[in-house]
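Undergrad: Return atomic coordinates for the entry below.
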Amino acid sequence: MEEGSRRVDLARQCAEGHYELVELKFGEHCGTPLRAAMEILGYGPVYVFSRQHARELGYETENGLLAAGRISLKVTMPPDAYLQGSLAKLEDAFNDGLSVLLRLFGMPLLMDFAFEALPEWADESNACAAMEKRSSVYRLAPGQRSLVLE
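TA: Alright, predicted model coming up:
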């Protein structure tokens, strides 16, 4: 596998002090959720390091992202990408690992991870609308039905 440049596909402020970093994949050749998870999870430790060493790295002290109280790491893909099997236990393990990382650094921050599904009609031409209609794959709100067979 050839390595390309590394960058977060999408970063957005959800609310005051809450940001999400999204690994966004479209189409039938979007890869696997596990591969996408490895990409976005790599940014968790980089974020923690950058936050702890912001001054030495020359980052602005007023940077809202580096002062966040919550960072959500998301894998957002078409629902078909999740049909090969449940990753719910893996999602839980990733969240446990992020908690351990933050405790080790004594950082007052909530960092979580989730797999999300885009609507069936989503493609790169309607990415903004698709992001508004995405849904959690494994962590369902009360009354929400899963898009994935487990």
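Undergrad: CA only for contacts and neighbour counts going forward, please
TA: Fine.
Undergrad: Low-confidence regions, the chain specifically.
TA: Where the chain drops to pLDDT under 70, the residues are 1-5, 140-150.
Undergrad: which helix is the longest one in it?
TA: Of all the elements of type helix in the chain, the one with the most residues (DSSP state H) is helix 88-105.
Undergrad: residues contacting Glu20?
TA: Glu20 is in contact with Ala11, Arg12, Gln13, Cys14, Ile71, Ser72, Leu73, Lys74, counting by CA atoms under 8 Å, 6 or more residues apart in numbering.
Undergrad: didn't the second one look like it was pressed against Tyr19?
TA: Yes - the criterion here is CA atoms under 8 Å, and Arg12 meets it with Tyr19 at 5.6 Å.
Undergrad: more neighbours, those two?
TA: When neighbours are counted by other CA atoms under 10 Å, Arg12 and Tyr19 differ, and Tyr19 comes out ahead with 21 against 12.
Undergrad: re earlier: in whatever helix or strand comes next after the longest helix of the chain, what counts as buried?
TA: Read in the C-terminal direction, the helix or strand following helix 88-105 is strand 110-117, with elements assigned using DSSP states H and E. In terms of neighbour count (16 or more other CA atoms under 10 Å), strand 110-117 has its buried residues at Met111, Asp112, Phe113, Ala114, Phe115, Glu116, Ala117.
Undergrad: Quick check: next helix or strand after the host helix or strand of Tyr47?
TA: Tyr47 is located in helix 43-52, with elements delineated by DSSP H and E. From helix 43-52 onward toward the C-terminus, using DSSP H and E, the following helix or strand is helix 54-57.
Undergrad: which of the residues in that next one are buried?
TA: Ala54.
Undergrad: again with stretch 90-97
TA: Burial within stretch 90-97, assessed by neighbour count using 16+ other CA under 10 Å, is assigned to Glu91, Phe94, Asn95.
Undergrad: Can you name the residues that contact the residue lying closest to the first one once chain neighbours are set aside?
TA: Spelled out, it's Glu91. Distances taken as CA to CA, 6 or more residues apart in numbering put Ala114 closest to Glu91, at 6.3 Å, once the chain neighbours are dropped. Contact partners of Ala114, counting by CA under 8 Å, 6+ apart, are Ser72, Leu73, Lys74, Val75, Glu91, Ser136, Val137, Tyr138, Arg139.
Undergrad: So what pairs up with Ala114 in the strands?
TA: Under the criterion DSSP bridges, Ala114 forms beta bridges with Lys74.
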